[in-house]
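J.: sharing a model that was predicted from the sequence below.
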Amino acid sequence: MLKVYNTLTRKTEEFSTLKPGQVSMYVCGPTVYAKAHIGHAMSALVFDIIRRYLEYREYKVTHVMNFTDVDDKIIIKANQQGIDPFVLGEMYIHEFEGHLRDFNILPATINPRATREMDQILTMIQGLIDMGFAYPVDGDVYFRVTKDPQYGKLSGRKLDDMQAGSRIDVDYRKEHPMDFALWKAAKPGEPSWPSPWGDGRPGWHIECSAMNLNHLGEQIDIHGGGNDLVFPHHENEIAQSECFTGKTFATYWIHNGMLQLSGEKMSKSIGNLVTIEEFLNHHPADALRMMVLNSGYRSPLSYSEDILAQAEKAIDRLRSALKPALGGSTGASEAVLKTLQTQMHATSAGYVESMDNDFNSAGALSHLFELVRVINQTRADNATNEQLSPAQALLLKLTSALGLSIEKETVKNQAVDGFVDLLIEIRKDLRANKMWALSDKVRDQLAGLGVIRKDGTSWHWE
RNA sequence: GGCGACGUGGCCAAGUGGCAAGGCAAGGGUCUGCAAAACCCUGAUCAUGGGUUCAAAUCCCAUCGUCGCCUCCA
């Protein structure tokens, strides 16, 4: 029984879909005005892990992730660089999609963009005005928060509380300080679309409501994103969508914790960020995935070189179980094989039990490491490759369900491999003849070239 | 000021009422020509102080500390 923590109710609930066996999941993607940082990668990884597990549980998942490709920051940045804002957005979208591939993140079923949903956006705004949930002012259109009795239900805020604490410049054209823009009138030189209220562009929140309606329907199973989006973005999405349709919008609201660098949220505005590009230049993509897997997705995750190094070591540990049988193995005893069998069952069951508990990937990993240990014990007890392979296959299946790739790296160069094999063969002969100095020289220099020997004879690239 | 999350061995971290998973690091051992790998062994009264209970890391209250949101943010 899969259970999911729901931000809306602040409780872990049994997971039940609108349509049996199918999951509709919408995740807020980035606003494309700058290079993405590893906080964005973390969020994408979290929802990739969730999606993969839903698919492991044999749900058919329709996964939608949007790109916000029109917004103040994009326009400002494009103007600074003297290029078309759409070209700028396109560039960053292209780059981000490449990063997703690098991180082995499954592509979303649909990647809608704000600029391609204008009809639906205009229809929704008009509908909200007609029903009294919104009002136009000088070419802008605002949502009337006081008209929605449920407003604040996701973030647990009351309008009165927020009013008291708010000292930000109030736009006096708005009826209530918390009213938010559905449509913004265009300033000269800005990209705009025609509308009944004059040329303009959509507010930040309405695009997601419109894209949901357009691609997933009035009601969806899961809506996700970083927990910094809970208010105002998701709160406003709920208000718009539910006032428009009169139906519950998303059943489960799932939010990931923030990635932190030196004790603070990694963010574009603070400037304490590591871009995905920089990260990938120095680390394997799986290291970040391992960091994410090894902690609760709702907790803040602190990023440091040290923690990253631990994650890389942990992946090596998983890989160690895939090593082949020891040379000359004659077969493990019945008792040893029985233990391996037992562990395989325990791991399969423990894996599902952990992941069923709000995607507890850290717990699931612990079961994988237990399997690793028993596989390695079995190997040390003389098991043959045939005896090891079912357990290794299980390990591979479960790690790949988490999106990790622990299989040997694809061969870089077939021809070079032959020479490495030859050198290792020669080293074996040198050792047989106790020519230690030469054999150590071969070993050390191979290591210097990036060849890691797994044991006496097998090897792989660094 | 308001709302919320969190504080578990040197580090990362699971567990949320019944003798505290797992990974990294460290120390000891097996194996080995040495080394590496692998295997075995070693470690926590769960921020602090009260309370509820036969029983609490786990529930309640208080205190301290860290972080997020309240303005664009994954």
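T.: Structure received.

J.: C-alpha only now, for contacts and for neighbours.
T.: Noted.

J.: give me the domain ranges for chain A.
T.: For chain A, the structural domains run A:3-134+A:142-167+A:203-282, A:305-401, A:414-461, going by automatic domain parsing.

J.: contact partners for A:Cys243?
T.: The contact partners of A:Cys243, by Cα atoms under 8 Å, 6 or more residues apart in numbering, come to A:Leu128, A:Phe133, A:Asp148.

J.: buried among those residues? Need that as a selection in PyMOL.
T.: Selecting only the buried entries of these in PyMOL, with 16 or more other Cα atoms under 10 Å as the criterion:
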select buried, chain A and resi 128+133
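
J.: could the domains of chain A go into CSV alongside distance to A:Pro177 and mean pLDDT?
T.: CSV is the format used below for the domains of chain A (distance: least, Cα to Cα, whole Å; pLDDT from 0 to 100):
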stretch, distance to A:Pro177, mean pLDDT
domain A:3-134+A:142-167+A:203-282, 7, 92
domain A:305-401, 37, 94
domain A:414-461, 60, 74
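
J.: rebuild those as JSON lines, extending it with distance to A:Pro196.
T.: JSON lines is the format used below for these (distance: least, Cα to Cα, whole Å):
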{"stretch": "domain A:3-134+A:142-167+A:203-282", "distance to A:Pro196": "8"}
{"stretch": "domain A:305-401", "distance to A:Pro196": "45"}
{"stretch": "domain A:414-461", "distance to A:Pro196": "62"}
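
J.: before we move on, back to that, which of the contacts of A:Cys243 fall within helices?
T.: Using DSSP state H, the subset of the contacts of A:Cys243 located in helices is A:Leu128.

J.: so which of the contacts of A:Cys243 comes closest to RNA strand B?
T.: Of all those, A:Asp148 has the smallest distance to RNA strand B: 17.4 Å, by Cα to the nearest atom of the strand.

J.: any idea how far the closest one lies from A:Gly403?
T.: A:Asp148 sits 41 Å away from A:Gly403, going by Cα to Cα, to the nearest Å.

J.: please apply the same query to A:Arg144.
T.: Distance of A:Arg144 to A:Gly403, given as Cα to Cα: 43 Å.

J.: hmm, the host helix or strand of A:Leu446 in reach of RNA strand B?
T.: Assigned by DSSP states H and E, A:Leu446 belongs to helix A:436-448. Yes. Interface with RNA strand B: helix A:436-448 contributes A:Trp436, A:Ala437, A:Ser439, A:Asp440 (Cα under 7 Å from any atom of the strand).

J.: among those residues, which one sits closest to RNA strand B?
T.: Nearest to RNA strand B among the residues of helix A:436-448 next to RNA strand B is A:Trp436, at 4.4 Å by Cα to the nearest atom of the strand.

J.: so what touches stretch A:137-155?
T.: With Cα under 8 Å, 6+ apart as the test, stretch A:137-155 has contacts from A:7-9, A:125, A:128, A:132-136, A:158-159, A:173-176, A:178-185, A:197-200, A:230-231, A:234-235, A:239-240, A:243.

J.: mind running it again at 7 Å?
T.: Under the contact criterion Cα atoms under 7 Å, 6 or more residues apart in numbering, stretch A:137-155 has outside partners A:7-8, A:133-136, A:158, A:178-185, A:197-198, A:230-231, A:235, A:239.

J.: near RNA strand B, anything from that stretch?
T.: Yes. With Cα under 7 Å from any atom of the strand as the measure, stretch A:137-155 is seen reaching RNA strand B through A:Ser155.

J.: okay, how far is it across that stretch, tip to tip?
T.: Span of stretch A:137-155 from end to end, Cα to Cα: 27 Å.

J.: centre of the chain to it, how far?
T.: Mean-position distance between stretch A:137-155 and its chain equals 30 Å (Cα atoms, centre = their mean, to the nearest Å).
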